[in-house]
Structures are given as C-alpha cells and as structure tokens.
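**Student:** here is a sequence with its predicted model. Questions after.
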Amino acid sequence: MILTREVCGSMVQRGLAAMGRTVFIIVIALLSAPLILFRRDIRADFSRQMYVVGIGTLPVSTVVALFTGMILSLQLGIAFRQLSQELMVASTLAYAMLREMGPFMMGIILASCVGSSMAAQLGAMKINEEITALEMMSVNPVRYLVTARMWAMLIMAPLISFYTCVIAFMGGALVAYTQLDVPFLQFMQGVIDASQTKDLWVGLIKATFFGVMICGISCNVGFGTSNGAVGVGASTRRAVIYSFLAILIGGYFVTRCCYAL
C-alpha cells in the first residue's frame with residue numbers, strides 16, 4: 001500500500017475515532033458503578049470478573065514476577081560486584097519494580113490473559129448478534145457488559161501490581177543470598193529502606209491506569225468485531241497489540257508527569 005496523503009489521513013482518522021470510542025466506553029462504564037450494587041446479574045458478573053482478573057492470573061503473575069526479580073538481581077549483582085557494592089542490588093531492584101517494572105509486568109499479563117479474553121467474548125457476542133439483541137431491548141451494551149469488567153480491572157490491577165513487586169523482591173533476595181552472599185533479611189531491609197511512598201503510589205496509579213486502558217481497548221475492539229470466526233481471532237490479536245502500545249506510551253507519560261525533571 002502506497003502511503004499517500006489520503007491514506008495517511010484515513011489512518012489517522014480511524015485511529016482518533018477508535019480512541020474516542022475507547023474513552024467513551026471507559027467513561028460510561030466508570031459512571032455505571034451503581035449498577036453493581038443494585039443489579040443482581042451485574043453484581044454476579046462483577047464477582048466472576050474479580051476472580052478471573054485476580055485469582056485467575058496469580059499463577060502466571062507469580063512465575064513471571066519471581067523470575068523477573070531473579071534475573072534483575074543476578075544481572076545487577078554481576079555489575080555491582082565489580083564495584084564491591086552488592087548491597088546496592090536491593091535498592092536498585094526496589095526502584096525498578098515499584099516505579100516501572102511492577103506495573104509494566106502487570107499490564108502485560110492482564111493484556112495477554114484477560115484483555116484478549118474480553119475481546120474474544122464480546123467479539124463472539126457481536127458475531128452472534130447478541131449485542132444487537134440487547135440494543136433492540138433498549139439495553140445499553142456498554143453498561144450491561146463492560147461495567148463489571150471495568151471495575152474488576154480497576155480494583156484488581158493495583159493489587160496484582162503490588163503482588164508482583166513483593167514476589168520479585170523475594171526472587172531477588174533468593175539470588176542475592178545464593179549468588180552474592182547477601183543475607184536474606186539484610187536484602188529485604190535494603191528494599192524497605194529504598195522504597196519511598198511516592199514510588200509506591202506512582203506504581204499503583206500506573207497499574208490502575210493500565211487496567212482501565214486494557215479493559216477499554218479490549219471491549220472497544222470486541223464491539224467492533226466482524227467477519228465471523230476469523231474476525232474474532234483478528235480482534236483478539238488487535239486487542240493485545242493495542243494494549244501493549246497503550247502500556248508503553250501511557251507508562252512514559254505517567255512517569256514524565258510524576259517525575260518531572
């Protein structure tokens with residue numbers, strides 16, 4: 001395809017339209033929180049989504065966080081050992097995990113495990129005309145289908161991010177003890193001393209932002225599914241790709257705003 005002015009303009013227009021629909025879905029779902037309290041079916045769906053987002057991703061989160069902490073501790077230990085500063089591994093790992101790596105890993109896990117599932121489920125409903133049936137019954141599909149998913153992601157995302165940080169610290173302490181001769185308790189004390197309240201809150205804000213964006217993007221892609229089963233697969237792929245891009249780009253701007261030079 002030749003990138004003419006018309007083609008580029010059309011691509012930008014479609015991208016802006018998709019961003020607008022995503023923001024619209026996020027706003028409507030967040031404002032529909034009272035439905036969770038007053039609608040039994042949505043409350044049941046909310047409980048189910050909390051389990052899927054939280055408990056359902058724990059095995060993957062544990063493995064990824066543990067080995068990420070071990071890898072970072074090993075690589076940092078190799079560098080700091082040359083300077084005889086092995087104890088600096090703990091503080092550096094604390095900065096990296098709380099500020100960036102914890103929310104980033106959480107976002108990647110949720111986009112892959114949960115966001116893709118949301119896009120596939122809503123895409124299948126779109127293909128089977130279940131969403132059209134809701135609209136014919138004067139039921140808002142966003143309020144009915146997205147509210148529980150959005151609030152489950154908003155609540156569970158920062159908790160999963162904090163959990164990944166704790167597991168990563170334990171993995172780093174294990175490597176520091178076995179490879180760098182740094183006592184476990186001394187390593188954990190170094191993590192605690194280096195951890196600042198601002199770093200923790202910035203990480204939790206990032207995680208919440210990522211969770212909301214992943215849900216909004218995945219649901220928007222799911223609602224736009226067409227072309228049968230092939231379209232469902234394409235929507236799942238697009239949801240993961242767009243979520244990854246949102247995590248990378250959004251993570252930079254959140255960091256830039258919170259740690260202005």
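**Tutor:** Okay, I see it. If you're wondering where the values come from, they're calculated on a predicted model, not measured in any experiment.
**Student:** packing partners for the longest helix belonging to the chain?
**Tutor:** With secondary structure taken from DSSP state H, the chain has its longest helix at helix 147-179. Packed against helix 147-179, as judged by 3 or more CB pairs under 8 Å, 6 or more residues apart in numbering; DSSP states H and E, are the following elements: helix 5-31, helix 34-38, helix 40-53, helix 58-81, helix 88-96, helix 102-110, helix 184-194, helix 197-223. For glycine as for every other residue, the C-beta is placed from the backbone atoms N, C-alpha and C.
**Student:** so the third one versus helix 197-223, what angle?
**Tutor:** Taking axes from the mean of the first three to the mean of the last three CA atoms, to 10 degrees, one finds that helix 40-53 is oriented at 120 degrees with respect to helix 197-223.
**Student:** over to the first one?
**Tutor:** With the same axes, to 10 degrees as the basis, helix 5-31 and helix 197-223 are set at 110 degrees to each other.
**Student:** average pLDDT for helix 5-31?
**Tutor:** The pLDDT scores in helix 5-31 average 82.
**Student:** for residue 63, see how far away the residue nearest the centre of the chain is.
**Tutor:** Central residue of the chain (CA atoms, centre = their mean): residue 107, 2.4 Å from the mean position. Going from residue 107 to residue 63 by CB to CB, to the nearest Å gives 17 Å.
**Student:** before we move on, what about residue 23?
**Tutor:** The value you get for residue 23 to residue 63, if CB to CB is used, is 34 Å.
**Student:** how about low-confidence regions in the stretch 1-150 of the chain?
**Tutor:** The stretch 1-150 of the chain contains residues with pLDDT under 70 at 1-3, 5-7.
**Student:** do that again at 90, thanks
**Tutor:** 1-21, 32-42, 54-56, 72-96, 98-102, 126, 128-142 (pLDDT under 90).
**Student:** how about the residue at the greatest distance from the centre of the chain, secondary structure?
**Tutor:** For the chain, the largest distance from the centre (CA atoms, centre = their mean) belongs to residue 84, which lies 36.8 Å off. Here residue 84 is coil, with the state taken from DSSP: H, G, I helix; E, B strand; the rest coil.
**Student:** returning to what we had before: distance to residue 128 added to the helices and strands packed on helix 147-179, as CSV?
**Tutor:** Shown next, in CSV, are the helices and strands packed on helix 147-179 (distance: least, CB to CB, whole Å):
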stretch, distance to residue 128
helix 5-31, 20
helix 34-38, 23
helix 40-53, 18
helix 58-81, 29
helix 88-96, 45
helix 102-110, 26
helix 184-194, 50
helix 197-223, 12
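**Student:** buried deepest among these, which one?
**Tutor:** Highest mean neighbour count among the helices and strands packed on helix 147-179 (mean count of other CB atoms under 10 Å): helix 102-110, with a mean of 26.
**Student:** quick one: the longest helix of the chain to helix 5-31, angle?
**Tutor:** Calculated by the same axes, to 10 degrees, helix 147-179 forms an angle of 90 degrees with helix 5-31.
**Student:** all set now, cheers.
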